[in-house]
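S.K.: Build me a model:
(one chain, ligands or ions: 1)
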Amino acid sequence: MGLRSFLEQMEAKGEVLHVKDEVSTRFEIPFIMKKFDNEGPILLFEKVKRYKTRVVANVCGTQKRICAALNTDQNELYKRLIEAWRSPQKPKIVEDGSVKETVEKPDLSKIPVLTHFEKDAGPYITSAVIYAKSIDGSVENVSVHRLQVLDKKHLAIRLVPRHLFKLWQMAKDAGKDLDVSMSIGVHPAVMLAASSPVPFGVNEFDVANVLMDNSLRLVKCERVDAYALAEAELVLEGKISTTKEVVEGTFVDITGTYDVERKQPIVEVVSITHREDYVYQALLPSGAEHRLLMGLPHEVLIWEAVSKVVPKVYAVNLSDGGSGWLHAIISIEKQLDGDGKNALLAAFAAHPSLKHAVVVDSDIDVYNVSDVEWAIATRFQASKDLIVIENVRGSTLDSSADQETGLTTKMGIDATRPLAKPREKFERAKIPASKRVERLARKLLGLRT
Ligand code: MN
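M.R.: Numbers count the residues shown, from 1 in each chain. Model prediction:
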């Protein structure tokens, strides 16, 4: 299974919007992507100026589509992910795959890479799933990194100090460059697995394989010592230099603000393989898809951690306004007053980048910001229900944090109602309705009964 079969499935459901007008990779496609950002369909740009290749966007743009890709529903999604993280399984390695239909010398100028925002340093590949292994072969890792196109054969890669960075460091210590495969145009399960916070040593392809019911297939690369997805649309084979660096950025990251310029390693692309009629997958930085892929796995971590300190967690939302990363809204069932604060502390420990968190009761819809605001307005007292933690390590993506030390201030709001007070004081008043008047209201609203 790959992106192709998922797109066919979504096509049948009417979830794909075909754009037949000619559009440019420079700002025009990103502009349209942004217009369709919220709960929008998959966009298939069929006529791309100066290129023969089609561009697909917003593939993992809604939680509903991610659930469809994983063959699950919203209630089971978190459990499904945890299960795959805890018991990854090796995918089959096959001799040949559709990604090998065309094998050619590198020329990145033939790929319709997008230039997204006004002050971005240039075209950036934003959906590449990057595989690498340690020099001794004992550790494999898959992760998503932005890649700035420098010329026909070179990219700059942003290596945040995490797993791929560690493998790169190990290669550097051994005096070698690091071989990588960069798969573009992949099944949503692979995107989600590659964005998951599993420990160093877990191969995210194995996680994706479980999410895809063992249907993931890998192929050996042509010119580098790495595996790639057999059914990817496009694979770039490359070597991350451990000696050559270049200034990377500026570039818009998840919060929708410009990330600063930094010296980052150069990747030399040594070979390119792709399906004959490959589709290039785009992903809008700071768009709903970016927020979902980064945020969703961390919602799972928060859900798990908070579940250990309160009887029940109903829902967790890393909200859009918080860029899917900095703000959490958590609905819980509490047993005692004070449980709300423990829930907040557990959430901050589970997701170190979290900056502001709100805990609410189960009658509040965590996805409805007005609802949450209502809970803060009627159930929260700042002098008693507020936690402020100063000088704590936060996200480097938060523009307001100290940019040198990364230190920030975190705030937790316990907006759950106190247990001792009369319940009615905090209850949301309802108007009783008979079936008849419900039907009448629906009719008047112009909805079908
Ligand atoms: Mn990893």
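
S.K.: partners of the stretch of helix or strand residue 359 belongs to, with directions?
M.R.: Residue 359 belongs to strand 356-361 when assigned by DSSP states H and E. Next to strand 356-361 in the sheet, as set by DSSP bridges, lie strand 327-333 (parallel), strand 407-414 (parallel).

S.K.: Can you say which of the ones you listed is packed in most?
M.R.: strand 327-333 (a mean of 24; mean count of other CB atoms under 10 Å). For glycine as for every other residue, the C-beta is placed from the backbone atoms N, C-alpha and C.

S.K.: Can I get it in CSV, CA atoms only?
M.R.: Provided in CSV are the C-alpha atoms of strand 327-333 (Å, rounded to 0.1, in the frame of the first residue of the first chain):
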residue,chain,number,x,y,z
HIS,A,327,-1.6,24.8,23.8
ALA,A,328,-3.5,21.8,25.2
ILE,A,329,-7.1,21.6,26.2
ILE,A,330,-7.9,18.4,28.2
SER,A,331,-11.2,17.2,29.4
ILE,A,332,-11.2,14.9,32.5
GLU,A,333,-13.3,13.3,35.1
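
S.K.: quick one: contacts of it?
M.R.: Residues from elsewhere that reach strand 327-333 (CB atoms under 8 Å, 6 or more residues apart in numbering): 299, 302, 306, 310-319, 321-322, 339-340, 343, 347, 351, 354-362, 364, 366, 372, 416.

S.K.: again with stretch 74-87
M.R.: By CB under 8 Å, 6+ apart, the surrounding residues in contact with stretch 74-87 are 63-64, 66-67, 70, 72, 192-193, 196, 198, 202, 207-208, 210-211, 296-297, 299-300, 303-304.

S.K.: If we use 7 Å, what do you get?
M.R.: Under the contact criterion CB atoms under 7 Å, 6 or more residues apart in numbering, stretch 74-87 has outside partners 63, 67, 70, 72, 196, 198, 207, 210-211, 297, 300, 303-304.

S.K.: what's the answer for stretch 266-273, then?
M.R.: By CB under 7 Å, 6+ apart, stretch 266-273 touches 99-100, 102-104, 106, 108, 147, 153-157, 222-224, 235-241, 244-246.

S.K.: Give me the ChimeraX select line for those, limited to the buried ones.
M.R.: The following ChimeraX line selects those of the contacts of stretch 266-273 that are buried, judged by 16 or more other CB atoms under 10 Å:
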select :99,100,106,108,147,153,154,155,156,157,223,224,235,236,237,238,239,240,241,246
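
S.K.: Can you mark which positions in the helix or strand where residue 218 lies are buried?
M.R.: Secondary structure assignment for residue 218, by DSSP H and E: strand 217-220. Neighbour-count burial for strand 217-220 flags 217-219 (criterion: 16+ other CB under 10 Å).

S.K.: Listing partners with orientation, what would you give for the helix or strand following that strand?
M.R.: For strand 217-220, the following helix or strand on the C-terminal side (DSSP H and E) is strand 227-229. Sheet pairing of strand 227-229 (DSSP bridges) gives strand 217-220 (antiparallel).

S.K.: Contacts for the partner strand next, please.
M.R.: 91-94, 96-97, 99-100, 205, 227-231.

S.K.: Close to the ion: what parts of the stretch 51-200 of the chain are there?
M.R.: 141, 163 (CB under 5 Å from the ion).

S.K.: those strands in the stretch 51-200 of the chain, which residues are they?
M.R.: 54-57, 92-93, 102-104, 124-125, 129-133, 140-144, 147-149, 154-157, 178-184 (DSSP state E, counting those that start in this stretch).

S.K.: Partner strands of the last one and their direction?
M.R.: Using DSSP bridges, the strands paired with strand 178-184 in its sheet are strand 129-133 (antiparallel), strand 234-248 (antiparallel).

S.K.: after the longest one, next one along is what?
M.R.: The one in question is strand 234-248. With DSSP H and E, the next secondary element past strand 234-248 is strand 251-252.

S.K.: Return the list of helices and strands in contact with the next helix or strand after that next one.
M.R.: The helix or strand immediately downstream of strand 251-252 is strand 258-259, counting by DSSP H and E. Counting contacts by 3 or more CB pairs under 7 Å, 6 or more residues apart in numbering; DSSP states H and E, strand 258-259 is packed against strand 251-252.

S.K.: Can you spell out which helices and strands pack onto the strand it packs on?
M.R.: strand 258-259.

S.K.: List of residues touching the strand it packs on?
M.R.: 119, 249-253.

S.K.: which of the residues you listed has the most neighbours?
M.R.: For the contacts of strand 258-259, neighbours were counted by other CB atoms under 10 Å; the highest total belongs to residue 252, with 24 neighbours.

S.K.: contacting residues for it?
M.R.: Residue 252 touches 116-117, 120, 258, 285-286, counting by CB under 7 Å, 6+ apart.

S.K.: ok and the top helix by length along the chain relative to strand 356-361, angle-wise?
M.R.: Across the chain, the helix with the greatest residue count (assigned by DSSP state H) is helix 288-307. Here the directions of helix 288-307 and strand 356-361 differ by 60 degrees (axes from the mean of the first three to the mean of the last three CA atoms, to 10 degrees).

S.K.: after helix 288-307, next one along is what?
M.R.: strand 312-318.

S.K.: which secondary structure elements does that following strand contact?
M.R.: helix 288-307, strand 327-333.

S.K.: Reformat the ones you listed as TSV; add distance to the ion.
M.R.: Shown next, in TSV, are the helices and strands packed on strand 312-318 (distance: least, CB to the ion, whole Å):
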stretch	distance to the ion
helix 288-307	11
strand 327-333	23
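
S.K.: Can you lay out these as a markdown table showing mean pLDDT and distance to residue 125?
M.R.: Output for the helices and strands packed on strand 312-318, formatted as a markdown table (pLDDT from 0 to 100; distance: least, CB to CB, whole Å):
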| stretch | mean pLDDT | distance to residue 125 |
| --- | --- | --- |
| helix 288-307 | 96 | 14 |
| strand 327-333 | 98 | 29 |
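
S.K.: Thanks a lot, see you next time.
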